[in-house]
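[1] kindly generate the corresponding structure for this input.
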Amino acid sequence: MNKLNSISYRLQITGMLVLMLVLFVGCTKFLEQDPEDSLTEQEFFRSEEDANAAIVSVYDQLQDCVEKFLVWGEARADLVSPITRKNDQTWLYELTYPNDLWALRWGDVYQVIGSANTVIAKVPPITKLDSRLTQQESDIIVAEAHFLRALAYFYLVRTFGDVPLVLEPPLHDEVNFKVPKSTAEEVLAAIETDLQAAEQNVPVQYETNLKTRGRATKGAVYALLADVYLWQAKYREAAIAAKKVIDNKALYSLVPGANWFDIFSLRNSTEGIFEVQFDYLLRETNSLGYASERFIVNPNHLKLYEDANAPDEVRGLEASYNSNTNGRTYWKYVGLSTLDLRRSADDANFIIYRLADVMLMRAEALSHLEDADKAEAVELINAVRSRANLPIYDINLISTDTNSLVDLILLERSLELAMEGKRWYDLVRIGKNGRPELLIDKIVTSRLVSERALAKARVADPRSWFLPIHINELAANPNLSQNPFYK
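    Numbers count the residues shown, from 1 in each chain. Take a look at the predicted model:
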């Protein structure tokens, strides 16, 4: 597959061969099987085409993760209610997980990591074998792999907590793939190291808009860095990283409110920073629409969109969600317009980062800093609200203590970023950084009255905020132990 529309069909075929022969360890096999023999190491990674095909294959593997990223980030949170119960997408809402549940499998994410490891190790020597691959081109490819590996590990560490940290490719017998878990702190340190490496060599932009929004750029690196720092309560660093994105006004700007839905229907807008690309003409489709339509908008959240005093007409009905026989179902990955026109194919992009997200990340970071920083935090919130034609906040009339500002930011993120795979991670980030009661309250009040006792019993223990490890992963790797809450 060639999501980047820039590599020839020949490279697609080469990429498939590399993927099958060199990067064969995929899905759970990455942590289960012995590495491939040295034949592939000798025969591949010898040309410019091999280098390009290898990095394209990492992006291709990222496509396979997007439904899981969406479900991990939304299904347990407070913005959704399931239409039916106990299916692959909605089990997480129950907060009770069968040990063979699809959503507990992490192998497809480790496939991204394994392939990125291979690129990082095997692309640099190609410059000595093929003069067509310049040092600069090699450095960019390796930097992209560092970014993609960091992104994959960030999803894993936020979802499972402690996870195996493997930074070597499956190319020789000395590499041990049946490794125990590393601590979350160790994984986050490795992520930061990867992003610092990526920052040095990824470009600000590429020659086409599709590649600029669909490949690793400095803006994408800074957005992920801001997220990583915010997760760790490194607020000054998060604010600085987010500002580097916001300051690139030539490349990133908010889409006008009248065109807000174009962010999803037309894809790769001026707001897009990093989007996983899909195109049915290239046989690239996904299940994002199917997954999102397993849920309706949670009634508590719907009240915020349809507030009689300030209805969100830009991001509400026929934008974030639509009305059908099931109720208010999410529309971002399903619709082609705000006029009830559905996509003819399931090829919506999955937006990992866009400008409004980063603006609100910077606002959150600033809200934890000095009083002088809080005025800008309010300005950033207001910029997002103003685009949605909602009343803005007067800093002289609202409380600007940290918790009050974070509550406003969390509200705005829920309206702006609903069903984009963000909400559960937002709640966990704020909960683990000093406000566990906020997560507990949001989850419990979003459930039916009959469900609240069980929900509270589950989420009251922060260890339950991280998913259990799939039974097959435990069976394949005797050095793995189940996450503490589920022992």
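[2] secondary structure element holding the residue nearest to the spatial centre of the chain?
    Residue closest to the average C-alpha location in the chain (Cα atoms, centre = their mean): residue 352, at 4.6 Å. Here residue 352 sits within strand 350-354, counting by DSSP states H and E.
[3] next SSE after that strand?
    Criterion used, DSSP H and E; the element after strand 350-354 is helix 355-367.
[4] looking just at contacts, which helices and strands does that following helix meet?
    Counting contacts by 3 or more Cβ pairs under 8 Å, 6 or more residues apart in numbering; DSSP states H and E, helix 355-367 is packed against helix 218-231, helix 235-246, strand 272-276, helix 371-387, helix 402-416. Any C-beta I mention is one placed from the backbone N, CA and C, and that applies to glycine too.
[5] if we use 6 Å, what do you get?
    The contact analysis (3 or more Cβ pairs under 6 Å, 6 or more residues apart in numbering; DSSP states H and E) places helix 355-367 against helix 218-231, helix 235-246, helix 371-387, helix 402-416.
[6] quick one, domains of the protein?
    1-180+449-487, 275-285+309-446 (automatic domain parsing).
[7] the longest one: how far from the chain's middle?
    Taking Cα atoms, centre = their mean, to the nearest Å, one finds domain 1-180+449-487 lying 12 Å from the centre of the chain it belongs to.
[8] excluding chain neighbours, what is closest to the residue nearest to the centre of the chain?
    residue 274 (4.6 Å; Cβ to Cβ, 6 or more residues apart in numbering).
[9] and for residue 181?
    residue 162 (4.1 Å).
[10] so who does that neighbour touch?
    181, 183-184 (Cβ atoms under 6 Å, 6 or more residues apart in numbering).
[11] next, it: phi, psi?
    When read as degrees, to the nearest 10, the backbone of residue 162 gives phi -70, psi 130.
[12] next: residue 297.
    According to degrees, to the nearest 10, residue 297 has phi -60, psi 130.
[13] before we move on, what about residue 165?
    Dihedral angles (degrees, to the nearest 10) for residue 165: phi -110, psi 110.
[14] and stretch 313-333, what's buried?
    314-317, 319-322, 328-333 (16 or more other Cβ atoms under 10 Å).
[15] what's the answer for stretch 52-68, then?
    52-68.
[16] let's see that stretch as CSV, backbone CA atoms only.
    Extracted as CSV, the C-alpha positions of stretch 52-68 are listed here (Å, rounded to 0.1, in the frame of the first residue of the first chain):
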residue,chain,number,x,y,z
ASN,A,52,11.9,4.1,0.9
ALA,A,53,9.9,0.9,0.9
ALA,A,54,10.9,0.1,4.5
ILE,A,55,9.7,3.5,5.9
VAL,A,56,6.5,3.3,3.8
SER,A,57,5.8,-0.1,5.3
VAL,A,58,5.9,1.4,8.8
TYR,A,59,3.3,3.9,7.9
ASP,A,60,1.3,1.1,6.4
GLN,A,61,1.4,-0.8,9.6
LEU,A,62,0.2,2.2,11.5
GLN,A,63,-2.9,2.1,9.4
ASP,A,64,-3.7,-1.3,11.1
CYS,A,65,-3.7,0.3,14.5
VAL,A,66,-6.2,3.2,14.1
GLU,A,67,-9.4,1.4,15.2
LYS,A,68,-7.6,0.2,18.3
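[17] give me the subset of the buried residues of stretch 52-68 that lies in helices.
    52-63, 66-68 (DSSP state H).
[18] burial measure for the closest residue to residue 252 other than its chain neighbours, as a count.
    Excluding the flanking residues, the one nearest residue 252 by Cβ to Cβ, 6+ apart is residue 355, at 4.8 Å. Counted by other Cβ atoms under 10 Å, the residues lying close to residue 355 total 26.
[19] what about the strands in the chain?
    80-82, 272-276, 295-297, 321-324, 327-330, 350-354 (DSSP state E).
[20] and those strands: which comes nearest residue 289?
    strand 327-330 (8.8 Å; Cβ to Cβ).
[21] average pLDDT for that closest one?
    When pLDDT is averaged over strand 327-330, the result is 92.
[22] contacts for it, please.
    Contacts of strand 327-330 (Cβ under 6 Å, 6+ apart): 292-293, 296-297, 302, 321, 419.
[23] which one of these is nearest residue 369?
    Using Cβ to Cβ, the contacts of strand 327-330 come closest to residue 369 at residue 419, 30.3 Å.
[24] give the contact list for the closest one.
    74, 292, 330, 332.
[25] try 7 Å
    74, 292, 320, 330, 332 (Cβ atoms under 7 Å, 6 or more residues apart in numbering).
[26] now the third one. Nearest residue, chain neighbours left out?
    What it means is residue 320. residue 418 (5.2 Å).
[27] ok, now residue 406?
    Using Cβ to Cβ, 6+ apart, the nearest residue to residue 406 is residue 367, at 5.6 Å.
[28] pretty sure residue 66 sits against residue 350.
    Yes. Residue 66 is in contact with residue 350 according to Cβ atoms under 7 Å; the separation is 3.9 Å.
[29] overlap in contacts of those two?
    With Cβ under 7 Å, 6+ apart as the test, residue 66 and residue 350 both reach 276, 288.
[30] let me know how buried residue 446 is, in neighbour terms.
    20.
[31] adjust the sequence numbering to begin at 9 for everything that follows.
    Yes, from this point I'll number from 9; that puts the last item at residue 454.
[32] how near is the closest residue in space to it that isn't next to it in sequence to residue 450?
    Excluding its sequence neighbours, the residue lying closest to residue 454 (Cβ to Cβ, 6+ apart) is residue 86, at 3.6 Å. Note on residue 86: its distance to residue 450, by Cβ to Cβ, to the nearest Å, is 4 Å.
[33] with residue 283 instead?
    Counting by Cβ to Cβ, the gap from residue 283 to residue 450 is 28 Å.
[34] ok, these two, which is more surrounded?
    Neighbour count, other Cβ under 10 Å: between residue 283 and residue 450, residue 283 has more, with 24 against 21.
[35] the more buried one and residue 264, how far apart?
    19 Å.
[36] what does residue 287 give?
    For residue 287, the distance to residue 264 - Cβ to Cβ - is 25 Å.
[37] and these two? which has more neighbours close in?
    Shown here are residue 287 and residue 264; by other Cβ under 10 Å, residue 287 has more neighbours (17 against 11).
[38] would you mind confirming that residue 475 makes contact with residue 112?
    Yes. Between residue 475 and residue 112 there is a contact under Cβ under 7 Å: 5.8 Å.
[39] thank you, goodbye.
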